[in-house]
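Novice: what shape does this take:
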Amino acid sequence: MKLASIAEAKAKLSEYVERCRHEPVVLTKHGHPRAALVPLEDEEDLERFLLARNPRFLRMLAQSERGKRLPLAEAERLLGVGRAKGRARR
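Specialist: Residues are numbered from 1 along each chain as shown. Here you go, the predicted structure:
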C-alpha cells in the first residue's frame, strides 16, 4: 500500500493513478488518511462504485433484504435515474 500526502499526489497524480491498479494508494493530509484512489476499468465499474456509495440505494437494498419489494419505476424515481420518455426498455 502506498501512502502519499495530498501535496505529493498533486505532483505525481498520473503515477499514482497507474499505481492504484496494482496496490491501494491512500492520500493523507497532515498524516491522516483522507481519500483513496480506486481503479475503474469502464463505465460499469463507475456505476458499481457510485451505487455502492449511494445512501438511497443502500436503503433500498436493506428494505429488499427485509422482504419489502419496490417497483422498478419507484426505485428509478428515488435514485433520480428514470428513463427518458419514448426510450425503449431493454
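
Novice: drop to CA atoms for contacts and neighbour counts, all remaining ones
Specialist: Will do.

Novice: tell me the spacing between D45 and P33.
Specialist: To P33, D45 is 24 Å away according to CA to CA, to the nearest Å.

Novice: where does the chain dip in pLDDT?
Specialist: 82-90 (pLDDT under 70).

Novice: where do the domain boundaries of it fall?
Specialist: In terms of domains, the chain is parsed into 2-37, 43-79 (source: automatic domain parsing).

Novice: could you dump these to CSV with mean neighbour count?
Specialist: Shown next, in CSV, are those (neighbours: other CA atoms under 10 Å):
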stretch, mean neighbour count
domain 2-37, 15
domain 43-79, 12
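
Novice: in PDB, list the C-alpha atoms belonging to the strand or helix carrying A73.
Specialist: Using DSSP states H and E, A73 sits within helix 72-79. C-alpha atoms of helix 72-79 as PDB (Å, rounded to 0.1, in the frame of the first residue of the first chain):
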ATOM      1  CA  LEU A  72     -38.600  -0.600 -10.700                       C
ATOM      2  CA  ALA A  73     -40.200   2.700 -11.600                       C
ATOM      3  CA  GLU A  74     -40.200   3.700  -7.900                       C
ATOM      4  CA  ALA A  75     -36.500   2.700  -7.500                       C
ATOM      5  CA  GLU A  76     -35.600   4.800 -10.600                       C
ATOM      6  CA  ARG A  77     -37.600   7.700  -9.200                       C
ATOM      7  CA  LEU A  78     -35.800   7.500  -5.800                       C
ATOM      8  CA  LEU A  79     -32.400   7.300  -7.400                       C
END
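
Novice: so which elements touch it?
Specialist: When contacts are defined as 3 or more CA pairs under 8 Å, 6 or more residues apart in numbering; DSSP states H and E, helix 72-79 packs onto helix 55-65.

Novice: what does the helix it packs on rub up against?
Specialist: Residues from elsewhere that reach helix 55-65, judged by CA atoms under 8 Å, 6 or more residues apart in numbering: L51, A52, R69, L70, A75, L78, L79.

Novice: repeat that with 6 Å
Specialist: Outside of helix 55-65, no residue comes within contact range by CA atoms under 6 Å, 6 or more residues apart in numbering.

Novice: work out the gap between that helix and the centre of the chain.
Specialist: For helix 55-65, the separation from the chain centroid amounts to 16 Å (computed by CA atoms, centre = their mean, to the nearest Å).
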